[in-house]
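S.K.: kindly return the folded structure for what I paste below:
(chains A, B, C and D)
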2 protein chains.
Amino acid sequence: MKEKKSDRRIGRTRRLMHEALMALIVEKGYEAVTVQDILDRADVGRSTFYAHYRDKDELLLSSFEQLRSLFEEQQQAIFAARRTGREPELNIVLELFRHTGEHHRLYKAIAGKQSGEMILKYLHRYLYNLLIGPHTEMMKGSVAPPVPVEVTTHHLVSSLLSLITWWLDSNMPFPPERMDEIFRILSTPTLEAAFGRKMEGKNTSEYPEGSVMAFYSRFIDRGCCPGK
Amino acid sequence: MKEKKSDRRIGRTRRLMHEALMALIVEKGYEAVTVQDILDRADVGRSTFYAHYRDKDELLLSSFEQLRSLFEEQQQAIFAARRTGREPELNIVLELFRHTGEHHRLYKAIAGKQSGEMILKYLHRYLYNLLIGPHTEMMKGSVAPPVPVEVTTHHLVSSLLSLITWWLDSNMPFPPERMDEIFRILSTPTLEAAFGRKMEGKNTSEYPEGSVMAFYSRFIDRGCCPGK
DNA sequence: TTTTCATCATACACCGTGTTCGATAAAAAA
DNA sequence: TTTTTTATCGAACACGGTGTATGATGAAAA
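M.R.: As a prediction, the model looks like this:
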């Protein structure tokens, strides 16, 4: 564990530039924001900007990375608590909506309609890679799946992202719990159909409201921890 | 009917610029293409370009509009033939995949990963507005739909577009018929769930493979013709 | 043939980008 | 505290793309 306590000015400057970028995205959309705008808004010298980031994209990416690692830390903590005590079952989708809602100002700038497609493509790739493995594993049972795994995974990720962006752009008219429910209503039957109705019935033969999420909860256990 | 036969040079120049743009999108992606690139590739004077289009976006839009009106004409023709003789049932999704496949070079440039998000947003809005009415109509039956109409429609359009772009970006590994089948497998159960399983059973109580499409076929009848 | 007008080349002002460099001052180290 | 380090500043710069204006040219239409 390395504690890197560097110059206070660095954090201050970066914070100013991040805040400026977010405000500007909300105002005029990511594409329309120029580095010059950020400089003026943050009241930072031109050379200072390029001392920290190569360009606009890298600044936005770094904002997103902060959020992502924050989310992963939280999931890590929840998972750890679940190991010891008996916490409620982990619901990754619900947690995602909660996390998005908690930082909705930032996410609205980063992933809303106003933002560029860059982050969304990045997110799509991220989630796709997270899910393609487990999905393939689940496919093992059926010899001739009705729909190829890649298509199903791509479809599922697109659905989730489209729901999240819709939620943000509509100023979150429903609580995260309702969004999680909507996602389940829309996706569970699709998953069952795509996997040839061979969804692993680990404890129940029917598919009660927790079944899909139970799968994703198990996936998080495997996919999240060995990495660290 | 006005036959506007204007200067032959106009069509020639426009065609050159369109071809140049398409080729360049395939090569380096829409965002990276500059007006200067188009000028060089098409071997057209700078002022000539601006005499036809305001900017890069307008050129791309006009390409897309050509394709869209071509598609609508074809649907119009099919519908007319269906009125008189007994043609097979109209399947708008299948037709869409066929049309996309027939002009896959153009669509790959326009709607593939290489392209900007502009056209996709445009398409999304177009399809959403096409579907939101009929969906609302279908909702009439259920007092408390499990999922709001706007969300369902948004979700369905996102699914279709994500399938189409996946198909294009993957170099169309399946024929349109298979893609239509995949779309049906993925979407039919979702629609049934979203509409509270009150899908209009007009002639059958079960929902055979044609049921969703039967609905969209009826929708096309109403939505496409009164406009002209 | 005459007229029309699409095209062309050139020139231009404007703006955003990304880099360089020496001076300044704030923070960290001594 | 003094000294050292270094993040920041501001100005200048070259580069490239944008969109406009203009007069000449020549191809198409009348």
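S.K.: tell me which element A:I25 is part of?
M.R.: Assigned by DSSP states H and E, A:I25 belongs to helix A:8-28.
S.K.: list the buried ones in that helix?
M.R.: Within helix A:8-28, the residues scored as buried using 16 or more other CB atoms under 10 Å in any protein chain shown are A:13-14, A:16-18, A:20-25. Bear in mind the C-beta positions are built from the backbone N, C-alpha and C, glycine included.
S.K.: contacts only, for the nearest residue to A:L16 once chain neighbours are set aside.
M.R.: With sequence-adjacent residues excluded and distances taken as CB to CB, 6 or more residues apart in numbering or on different chains, A:L16 is closest to A:A42, at 4.2 Å. By CB atoms under 8 Å, 6 or more residues apart in numbering or on different chains, A:A42 lies in contact with A:13, A:16-17, A:19-20.
S.K.: in chain A, where's the longest helix?
M.R.: If each helix of chain A is counted by residues according to DSSP state H, the longest one is helix A:56-84.
S.K.: are that one and chain B in contact anywhere?
M.R.: No: judged by CB under 8 Å from any CB of the partner chain, helix A:56-84 and chain B are separated, with a smallest distance of 11.1 Å.
S.K.: after that helix, next one along is what?
M.R.: helix A:92-102.
S.K.: ok, that next one near chain B or not?
M.R.: No: using CB under 8 Å from any CB, helix A:92-102 stays clear of chain B, coming no nearer than 13.3 Å.
S.K.: check the offset of that helix from the chain's centre.
M.R.: 8 Å (CA atoms, centre = their mean, to the nearest Å).
S.K.: okay, the angle between it and helix A:56-84?
M.R.: When axes from the mean of the first three to the mean of the last three CA atoms, to 10 degrees is applied, the directions of helix A:92-102 and helix A:56-84 differ by 130 degrees.
S.K.: elements contacting helix A:92-102?
M.R.: helix A:56-84, helix A:149-169, helix A:176-194, helix A:211-224 (3 or more CB pairs under 8 Å, 6 or more residues apart in numbering or on different chains; DSSP states H and E).
S.K.: next one: the first one to chain centre, how far?
M.R.: On the basis of CA atoms, centre = their mean, helix A:56-84 is displaced by 9 Å from the centre of the chain it belongs to.
S.K.: where does pLDDT dip in chain A?
M.R.: A:1-5, A:85-89, A:197-228 (pLDDT under 70).
S.K.: repeat that with 50
M.R.: A:1-3, A:198-213, A:217-228 (pLDDT under 50).
S.K.: just put the buried residues of helix A:8-28 in CSV and tack on distance to DNA strand D.
M.R.: Below are these laid out as CSV (distance: CB to the nearest atom of the strand, whole Å):
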residue, distance to DNA strand D
A:T13, 3
A:R14, 7
A:L16, 8
A:M17, 9
A:H18, 12
A:A20, 12
A:L21, 15
A:M22, 18
A:A23, 18
A:L24, 17
A:I25, 21
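S.K.: for chain A, what lies in contact range of DNA strand C?
M.R.: Residues of chain A lying near DNA strand C by CB under 7 Å from any atom of the strand: A:5-9, A:34-36, A:46-47, A:50, A:54-56.
S.K.: hmm, which two among those are most spread apart?
M.R.: Across the residues of chain A next to DNA strand C, the longest distance by CB to CB is 33.3 Å; it joins A:K5 and A:T34.
S.K.: the more surrounded of the two?
M.R.: Neighbour totals were compared for A:K5 and A:T34, and A:T34 leads with 12 against 6 (other CB atoms under 10 Å in any protein chain shown).
S.K.: so A:D180 touches A:I92, yeah?
M.R.: No: with contact defined as CB atoms under 8 Å, A:D180 does not count as touching A:I92 (9.8 Å).
S.K.: nearest residue to A:G45 other than its sequence neighbours?
M.R.: Closest to A:G45 by CB to CB, 6+ apart is A:L39, at 7.4 Å.
S.K.: and the one you found, what does it touch?
M.R.: With CB under 8 Å, 6+ apart, A:L39 has these contacts: A:45-46, A:49.
S.K.: in PyMOL, select just the buried ones from the residues you listed.
M.R.: Selecting only the buried entries of the contacts of A:L39 in PyMOL, with 16+ other CB under 10 Å as the criterion:
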select buried, chain A and resi 49
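S.K.: count the residues that sit near the residue lying closest to A:D57 once chain neighbours are set aside.
M.R.: Nearest non-adjacent residue to A:D57, counting by CB to CB, 6+ apart: A:M118, 6.2 Å away. Using other CB under 10 Å, A:M118 has 18 other residues around it.
S.K.: helix or strand for A:M118, which one?
M.R.: helix A:117-139.
S.K.: relative to A:Y50, how far out is A:L24?
M.R.: 18 Å (CB to CB, to the nearest Å).
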